[in-house]
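Peer 1: Following is a predicted model, sequence given first.
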Amino acid sequence: MTQVIDYIIGLGSYIFVPMIMIIIGIAMGLSIGKAIKAGVTVGIGLIGVSIVSTLTEESLSPVINIMVERLNLNLTAIDVGGGPAAAIGFGSALGGLLIIVILLVNLLMLALNLTNTMNIDIYNFWYFAITAGFVQILTGNSVLAIMAGVTHAILSLKVADVTAKRVQKVIGIEGIAIPHGFAAASAPLFMVLDKVYDHIPFLNGSKEEKESKKEQSKTMKFIGSIIGDPLYLGLILGAAFGLIAGYDFKGVMDITMKTAGIMVLFPTMVKMIVSGLIPISNQAKEFFSSKFKDRELYIGLDSAVTIGHPVTISVGMLMIPVFMIFAAILPGNTTLPLGEVPFAAFYVCFATIIHNGDRLRTIISSLIFIPIVLYISSWAAPLLTKMGEAQGLTLVQQGQEATTMALGNLFIYLPAKIAQAPVMAGILLAAISILAIVGGLYLEKKQKVKAGN
């Protein structure tokens, strides 16, 4: 079974995801032709995202390396990127088993009306596997390790349920939710901050503020239009990156054009994914409505479908130098941001969702969130390094540790810490899962009442 799972995952998201989408489409009554077209369109979009991601990494990595040198970042925990971490997660003894366990838990929760999300984003189950792997190292207890991985999965499912309507509104696709192992873990913080912002005059979107915006000068409106346009913002940021790196004229223009291209191409590729998902999500909504007349069910997807939002792309680019600066100045941080820095948009995508596309709120929340990411990824470094070494993987030089900012994740950190509690660890992990389910159901009910009013 493990070999079968490894083979399927090894196909790559642009093969595996379309296959799943085609199967789902046909199972829910979509014609074979439409299901194939929709699934393949999603796959093409994923290929496009992969191509733009490669362009992003190749274009920005040299700039990031220069920033590392100029900031003299002699940090020992090297951010190797999410890919190697995923390989370590799935390569662990518990990785393959957890996929089956979590799918069964998801189906059981659906049957018992404890969740409305079916998580088909199986590739990103590696987050749950890493959580289990860390607990295995910390406690030596496989049962607690599996419980911790399942706890992470349940927390993600309940966040997906609670945020589904916001996701659908901001992204423009019905019938989906995001139980992604990292993005969902960032949502609770952003939700709390969103409530705080409601009580801050210049952030609460009051009537007076809206009136003042109408009276802004032409100059301010012009600046706002420039910053709000991905193309122009890409040109500005690209030029800044080139100048920071000390490139000559050709080098500056090269990085400028590529950054502008990234800013425009990412949303375009995500639109391909969205166009493929729409017929499947519409069919799923119709199917669920007929089979579960008193429920609304969602398909759980990767947070990549959110990346195309212009606020997410622009704020993500702005956060690239912020990651480097924070890494340099935060006391106790050991993480050297490298592999994940070009993909900073993935770290702020749920801030855009929770704040309904409000750029200023998204920027402030991102600035608060980045130190948390760096500190938790620093904590995770020795654990990931041990997991890798157990599989014969050496990702960094002697004297260094491997980490990735994708592990700067509260839903990994909290279960791992709770699992170390003496005697009560299993009970506490079960309690966290139960509280997540009960709390999620309460918030969903509250949302329905508010929508009804």
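Peer 2: The structure has been received and is ready for your questions. Numbers count the residues shown, from 1 in each chain.
Peer 1: Strands of the stretch 101-250 of the chain, start to end?
Peer 2: Shown for the stretch 101-250 of the chain, the strands assigned by DSSP state E, counting those that start in this stretch span residues 117-119, 176-177.
Peer 1: Redo those as JSON lines? Include mean pLDDT and mean neighbour count.
Peer 2: Heads up, the C-betas are built off the backbone N, CA and C, glycines and all. Formatted as JSON lines, these follow (pLDDT from 0 to 100; neighbours: other C-beta atoms under 10 Å):
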{"stretch": "strand 117-119", "mean pLDDT": "90", "mean neighbour count": "24"}
{"stretch": "strand 176-177", "mean pLDDT": "92", "mean neighbour count": "26"}
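Peer 1: I'd like those laid out as CSV, including distance to L330.
Peer 2: CSV is the format used below for those (distance: least, C-beta to C-beta, whole Å):
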stretch, distance to L330
strand 117-119, 33
strand 176-177, 33
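Peer 1: looking at those, which is closest to E389?
Peer 2: Closest to E389 of the strands of the stretch 101-250 of the chain, according to C-beta to C-beta: strand 117-119, at 30.2 Å.
Peer 1: For the closest one, which outside residues touch it?
Peer 2: Residues outside strand 117-119 that contact it (C-beta atoms under 8 Å, 6 or more residues apart in numbering) are 102, 106-107, 110, 153, 156-157, 160-161, 164, 177, 179, 297-300.
Peer 1: In the sheet, which strands lie alongside it, parallel or antiparallel?
Peer 2: Each strand paired with strand 117-119, and its direction, by DSSP bridges: strand 298-300 (parallel).
Peer 1: What residues of whatever helix or strand comes next after the strand it pairs with count as buried?
Peer 2: Going down the chain from strand 298-300, the next helix or strand is helix 310-329, by DSSP states H and E. Within helix 310-329, the residues that count as buried by 16 or more other C-beta atoms under 10 Å are 310-324, 326-328.
Peer 1: so what does helix 310-329 touch, helix or strand wise?
Peer 2: Applying 3 or more C-beta pairs under 8 Å, 6 or more residues apart in numbering; DSSP states H and E, one finds that helix 310-329 contacts helix 32-70, helix 218-228, helix 230-245, helix 249-291, helix 345-354, helix 359-390.
Peer 1: Stretch 329-339: end-to-end distance?
Peer 2: Using C-alpha to C-alpha, to the nearest Å, the end-to-end distance of stretch 329-339 comes out at 20 Å.
Peer 1: Show me the contact partners of it.
Peer 2: Contacts of stretch 329-339 (C-beta under 8 Å, 6+ apart): 61, 64-65, 68, 73, 75-84, 323-324, 326-327, 371, 374-375, 377-378, 381, 401, 403-405, 408.
Peer 1: Just the buried residues of those residues.
Peer 2: Neighbour-count burial within the contacts of stretch 329-339 applies to 64, 68, 73, 75, 77-82, 84, 323-324, 326-327, 374-375, 377-378, 381, 401, 403-405, 408; the criterion is 16+ other C-beta under 10 Å.
Peer 1: Any regions of the stretch 201-350 of the chain where pLDDT drops low?
Peer 2: Along the stretch 201-350 of the chain, the parts satisfying pLDDT under 70 run over 205-229.
Peer 1: give me that answer again for 90
Peer 2: Counting by pLDDT under 90, the ranges of the stretch 201-350 of the chain that qualify are 201-247, 255, 258-297, 299, 301-310, 313-314, 316-318, 320-321, 324, 337-345.
Peer 1: So for Y127, what's the pLDDT?
Peer 2: Listed pLDDT for Y127 reads 94.
Peer 1: ditto for A451
Peer 2: In this model, A451 carries a pLDDT of 67.
Peer 1: Assign a three-state SS to D294, would you?
Peer 2: Using DSSP: H, G, I helix; E, B strand; the rest coil, the structure places D294 in coil.
Peer 1: My guess is L55 contacts K258. True?
Peer 2: Yes. Using C-beta atoms under 8 Å, L55 is in contact with K258, at 6.4 Å.
Peer 1: Tell me which of the strands of the stretch 101-250 of the chain approaches A148 most closely.
Peer 2: Nearest to A148, of these and by C-beta to C-beta, is strand 117-119 at 17.3 Å.
Peer 1: Where do the helices of the stretch 101-250 of the chain begin and end?
Peer 2: 126-139, 142-171, 183-197, 207-214, 218-228, 230-245, 249-291 (DSSP state H, counting those that start in this stretch).
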